[in-house]
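> fold the following and give me the result.
(chains A and B)
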Number of protein chains: 2
Amino acid sequence: MTDKVSLFGNAIVGQSGGPTAAINASLAGVIRAAQSAAEIKHIYGMKNGVEGLINGIEPIDICLTETELKLLSSTPASALGSCRHKLPDTFESDEYKKLEEIFDRYNIKYFFYIGGNDSMDTVNKLSEYCEIKGREMMVIGVPKTIDNDLTATDHTPGYGSAAKYIAVTVQEVLRDCAVYTKPAVTIIEIMGRHAGWLAASAALPGSIAGIAPDYIYLPEKPFDKDIFLDDIRSALKYHPNVVVAVSEGIHDAEGNYIGAALHKGKDVFGNVSLSGAGKALELLVKDEIGCKVRSIEINLLQRCASHAASLTDISESERVGEAAVKAALNGETAKMMCFIRSNETEYSVDIVSRDITTIANQTKTVPDSYISAGNNNITEEGIKYMLPLIQGELPILWENGIPKHFTF
Amino acid sequence: MTDKVSLFGNAIVGQSGGPTAAINASLAGVIRAAQSAAEIKHIYGMKNGVEGLINGIEPIDICLTETELKLLSSTPASALGSCRHKLPDTFESDEYKKLEEIFDRYNIKYFFYIGGNDSMDTVNKLSEYCEIKGREMMVIGVPKTIDNDLTATDHTPGYGSAAKYIAVTVQEVLRDCAVYTKPAVTIIEIMGRHAGWLAASAALPGSIAGIAPDYIYLPEKPFDKDIFLDDIRSALKYHPNVVVAVSEGIHDAEGNYIGAALHKGKDVFGNVSLSGAGKALELLVKDEIGCKVRSIEINLLQRCASHAASLTDISESERVGEAAVKAALNGETAKMMCFIRSNETEYSVDIVSRDITTIANQTKTVPDSYISAGNNNITEEGIKYMLPLIQGELPILWENGIPKHFTF
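Numbers count the residues shown, from 1 in each chain, chains lettered A, B, ... in the order given. Here you go, the predicted model:
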């Protein structure tokens, strides 16, 4: 760690891990703050994260107008490209030498990395490397993941937009399912392998508009297929259109994924076909209850639907990018920027930096107090946590019928 | 048929078939026009279409303000509920007696039915019944289907909004898929069993924003899996992220559905699992090419996404509902309302009525001139047809983070 307050030189920013609707807003925040910082002459963009640098892809020199930054904020996915690359544990590896060579050549004093859990591992290693080697470079992580499973931050940039899209979509599916009188079960599979934050957001239309899935099952609690079937049978007694939301990662008490456990059919080529949890439950209901049943997998639509992004999420994502630059200019390194929710009645967040060593490679799951007693729904406390995050609608620039996107 | 210009009495309106994002806009149009017609005292709504009437569900007396009508227009699915009911071929059936009893009791002189192909069969039969029995009731069909497969009309209400949602979503998925450098194939399955109109709309981002699926396969042309694999291999030579859109109804030259043909795995309960075309092609690519591959089924999200509805579609859907009432008041019966596209450079439509007998039970498929020579994409002529239909964004009333919907 350095005790200098600020270094004069250049900055570099990269995106890593799965795309979201908000990761470009954080990028816009970093670029905006870097462009207006006297200490930073150039802000460079890594193409495809550290993997791009290691593979010899030259970074690009970024200079954007405020109009372009706004457009970037409303563009889904990673405008700089992404990677899934884990830096080696040993600092003697060639990969670090390659990175050093680029940092030297481009006179990089500030390194910003926007990503999820694995990307924070990169921030952790690179800042440790700099400390050990005495390299004067501030390394800051900007969180991003629709999964909302990073510790130390109240929530993650990207989660609010994904949750809003899920709430909007689930309400529409519920309206669609309500039109017929014949008994039918609809199972909506939502992303989330280890944490049920996204599936939990399917409960939001209930609190807002009085229309909700009958049940929501999260991976935080063991899934019992007999209890599930009892739940469904019991709901069918009250109304014909039963709708259920499940996390893709639901599993039984032994940890076996429901998707893998219930559906082991082979295709005509002899491959074992591992369908998702939704499909597995569809087949279970068909077999055990016999009514009309379908499953809907929202799939990656939920992580890239910037046309329905949360204004709260996008604004906060920009702010967290800007705050990362400010922290680095203040001489901070080996940090991830975090949201602290105010205790006031009205929702607001402060942005602070926290030690990356305590954050990387940990998973934050949905707490018990957010899950109802029957393990099949979300409590009022859970709703209260999620509701502010989906508020507001990001203004979209529509061009010829579809949103206009930014590309480098 | 009657030669009276107008009858004094009441009107009844129903919705039938699969929901869309626009079917409530047509309902709003019918209600608005009926409420302002001197000849119509009450406008009643069938709950769950003719099936509801036959099952003894009393219609509801509708009286809506302009604010409520606007909200109804931006609400997805069928606010009155729906049914899939085919009236008997013999007019001596009890079902017609039950309907007559209700028409008498409620003094119904105008009957409006909003729906797709099967619903137009109901309009056809009911108007024929009235003619034979000498019942003075005007029977008018208001078209609706995201499938766009009704003959005699340039396009169907509901198609434009579904096409817009697909174009918006496909652009977002394309951005998402573009972030990695590792070869990967993404297959997007879009609704459309017999006609490829919806899958064709996946081509729109290409013309608007220069980003498009590599290939689009429609059910209008036989699907050959070897040619498909050649297409994919050839695209992978040029860029790592290959994206393909397919209609659910693609089939081989013998008419075997690809979904059913390629994937006949059994689940653990011994059921044959018929996955969709997208899943089948995913397994095919995995087996024959071996790169990373995934399939995305947009599923019923594409028919209920009123949060991204086309303003052109919703406005036209309201207009066609209003025009149906005007036609009925002019003494027309046994008609479906149709769009005629103007031949001018600027897009506009006129609404005319056409004989229902020539329309019911026919399917309009995508013409050859809209399909590229290789049978794997959409021509400029096809784009020119679709583009005006997705223009404009329906204003949405957002409440607490999600769209506010209307319910009776």
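> surely A:Asp313 and A:Asn148 touch.
No. A:Asp313 is not in contact with A:Asn148 according to Cβ atoms under 8 Å; the separation is 10.8 Å. Placement of C-beta: from N, CA and C, glycine included.
> now the common contact residues for those two.
With contacts defined as Cβ atoms under 8 Å, 6 or more residues apart in numbering or on different chains, the residues shared by A:Asp313 and A:Asn148 are A:Tyr159.
> tell me the mean pLDDT for stretch A:188-207?
Taken as a whole, stretch A:188-207 has an average pLDDT of 96.
> is chain B contacted by it?
Yes. Residues of stretch A:188-207 are located near chain B by Cβ under 8 Å from any Cβ of the partner chain, namely A:Leu204, A:Pro205.
> now the terminal residues of that stretch, how far apart.
Stretch A:188-207 has its terminal residues 18 Å apart, counting by Cα to Cα, to the nearest Å.
> report the contact partners of A:Glu155.
If you look again at residue A:155, you'll see it is His, not Glu. With contact taken as Cβ under 8 Å, 6+ apart, A:His155 is in contact with A:Asn148, A:Phe339, A:Arg341, A:Leu389.
> surely it is within a helix?
No. Using DSSP: H, G, I helix; E, B strand; the rest coil, the assignment for A:His155 is coil, not a helix.
> picking that back up, of the contacts of A:His155, buried ones?
Listed as buried from the contacts of A:His155 are A:Asn148, A:Phe339, A:Leu389; burial here means 16 or more other Cβ atoms under 10 Å in any protein chain shown.
> relative to A:Leu80, how far out is A:Ala37?
Taking Cβ to Cβ, to the nearest Å as the measure, A:Ala37 falls 19 Å from A:Leu80.
> neighbour count winner among the two?
The neighbour count for A:Ala37 versus A:Leu80, taken as other Cβ atoms under 10 Å in any protein chain shown, is higher for A:Leu80 (24 against 18).
> still on that earlier bit, mind checking which of the buried ones among the contacts of A:His155 land in strands?
Among the buried ones among the contacts of A:His155, the members found in strands (DSSP state E) are A:Phe339.
> closest to chain B among the buried ones among the contacts of A:His155?
Compare each of those with chain B using Cβ to the nearest Cβ and the shortest gap goes to A:Leu389, at 8.5 Å.
> residue contacts, the closest one?
Taking Cβ under 8 Å, 6+ apart as the definition, contacts of A:Leu389 comprise A:His155, A:Tyr159, A:Gly160, A:Ala163, A:Lys164, A:Ser310, A:Thr312, A:Asp313.
> please apply the same query to A:His405.
Under the criterion of Cβ under 8 Å, 6+ apart, the neighbours of A:His405 are A:Leu71, A:Ser74, A:Thr75, A:Pro76, B:Gln171, B:Arg175, B:Ala209.
> ok, back up a step: I'd like the contacts of A:His155 as JSON lines, with pLDDT appended.
Listed next are these as JSON lines, based on pLDDT from 0 to 100:
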{"residue": "A:Asn148", "pLDDT": "96"}
{"residue": "A:Phe339", "pLDDT": "98"}
{"residue": "A:Arg341", "pLDDT": "97"}
{"residue": "A:Leu389", "pLDDT": "98"}
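> where does chain A have low pLDDT?
Applying pLDDT under 70 to chain A flags the ranges A:1-5, A:260-275, A:360.
> switch to 80 and redo it
Across chain A, the ranges flagged by pLDDT under 80 are A:1-6, A:260-275, A:359-362.
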